[in-house]
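Enquirer: Everything below, folded, please.
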Amino acid sequence: MVNAENVADGAGVTPRLAERLLAAGADVLTLGNHTWRRREIVPYLADAERVIRPANFSSEAPGRGLVVAEASDGTAVAVLNLQGSLFMPTPVSPFEMLDALVEEARGGARIVLVDFHAEATSEKVAVARLLDGRVTAVIGTHTHVQTSDARVQPGGTAAITDAGMTGPHDSVIGVKAELAIARMRTGMPVRFEPAAGGVRIEGAVVECDAEGRALSCEALRVPVPAGS
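Expert: Numbering: from 1, shown residues only. From the prediction side, this is the model:
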């Protein structure tokens, strides 16, 4: 499961880049608040089978927020994408939809992964606690900063508040530092550009049993050699 909402120069995703990630080995791509930054993704999402956007977007928006895909050994895995409502312009509160979506997901697979794309750590922790014992893992995304709380909760659900960012860490969450600092210091509009240094892959690895109960949860951080 790969959150791909910022692969197009740090803002949004295009059909071409989505297809490249799937061809490279991603099974399902999830998105977030930058879903609509690239206009060409709109018709693509209407028919995409393995690229999903937050389920609590408008019901009139193209795409879907839940998919069941097969792992390499043929095991069915449900992937659910939701967006937080604290400090984010989200049409429907995730708490209004969680129960029904989880039941739908569990109807198609015993292993259920949730990408909860949210700003507030409190909201991410609350969702992870609410879903403990009902899904395999709740993986937080959005802040670009990996947290140190990877864990398996008492009910058997793995959780991490934020899986982090795959990209240039010699930056301000992926942006050239001098540009981000200029906007913060002056309050003036500044066109952001992706940084290039300190690239690393970040994420989380969850081990689970056949019933979907998490056995371990570990944050992943892999430095990428310069020039790779």
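
Enquirer: could I have the lengthiest helix in the chain exported to CSV, CA atoms only?
Expert: For the chain, the helix with the greatest residue count under DSSP state H is helix 94-106. Below are the C-alpha coordinates for helix 94-106, written out as CSV (Å, rounded to 0.1, in the frame of the first residue of the first chain):
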residue,chain,number,x,y,z
PRO,A,94,-14.5,9.9,9.1
PHE,A,95,-16.3,8.9,12.3
GLU,A,96,-19.7,9.0,10.4
MET,A,97,-18.5,6.4,7.9
LEU,A,98,-16.0,4.2,9.8
ASP,A,99,-18.4,1.5,11.0
ALA,A,100,-20.1,0.9,7.7
LEU,A,101,-16.8,1.0,5.7
VAL,A,102,-15.1,-1.4,8.0
GLU,A,103,-18.0,-3.9,7.8
GLU,A,104,-17.9,-3.7,4.0
ALA,A,105,-14.2,-4.2,4.0
ARG,A,106,-14.4,-7.2,6.3
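
Enquirer: for it, packing partners?
Expert: Other helices and strands packing on helix 94-106, by 3 or more Cβ pairs under 8 Å, 6 or more residues apart in numbering; DSSP states H and E, are strand 66-70, strand 76-83, strand 111-117, helix 121-130. All C-beta spots, glycine's among them, are computed from the backbone N, C-alpha and C.

Enquirer: what residues does that helix touch?
Expert: Here helix 94-106 makes contact (Cβ atoms under 8 Å, 6 or more residues apart in numbering) with 55-56, 65-66, 68, 78, 80, 82-85, 112, 116, 118, 123, 127, 130-131, 134-135.

Enquirer: ok so, going back, rebuild the helices and strands packed on helix 94-106 as TSV, extending it with mean pLDDT.
Expert: Listed next are the helices and strands packed on helix 94-106 as TSV, based on pLDDT from 0 to 100:
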stretch	mean pLDDT
strand 66-70	97
strand 76-83	98
strand 111-117	98
helix 121-130	98
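
Enquirer: For the most far-flung residue of the chain relative to its centre, give its distance to Leu215.
Expert: Most distant residue from the mean C-alpha position of the chain: Thr186, 31.3 Å away (Cα atoms, centre = their mean). Remark: distance between Thr186 and Leu215 (Cβ to Cβ, to the nearest Å) = 50 Å.

Enquirer: same thing with Leu29?
Expert: For Leu29, the distance to Leu215 - Cβ to Cβ - is 25 Å.

Enquirer: Pick out whichever of the two has more residues nearby.
Expert: Leu29 (26 against 12; other Cβ atoms under 10 Å).

Enquirer: List phi and psi for the more buried one.
Expert: The phi/psi pair for Leu29 (degrees, to the nearest 10) reads phi -110, psi 130.

Enquirer: you'd agree it is up against Ala18?
Expert: Yes: contact status for Leu29 versus Ala18: in contact at 5.8 Å, counting by Cβ atoms under 8 Å.

Enquirer: Give me the common contacts of those two.
Expert: Counting by Cβ under 8 Å, 6+ apart, the residues touching both Leu29 and Ala18 are 4, 51.

Enquirer: Pull the contacting residues for the nearest residue to Val175 once chain neighbours are set aside.
Expert: Closest residue to Val175 apart from its sequence neighbours, by Cβ to Cβ, 6 or more residues apart in numbering: Phe192 at 4.7 Å. Neighbouring residues of Phe192 by Cβ under 8 Å, 6+ apart: 10-11, 175-176, 179-180, 183.
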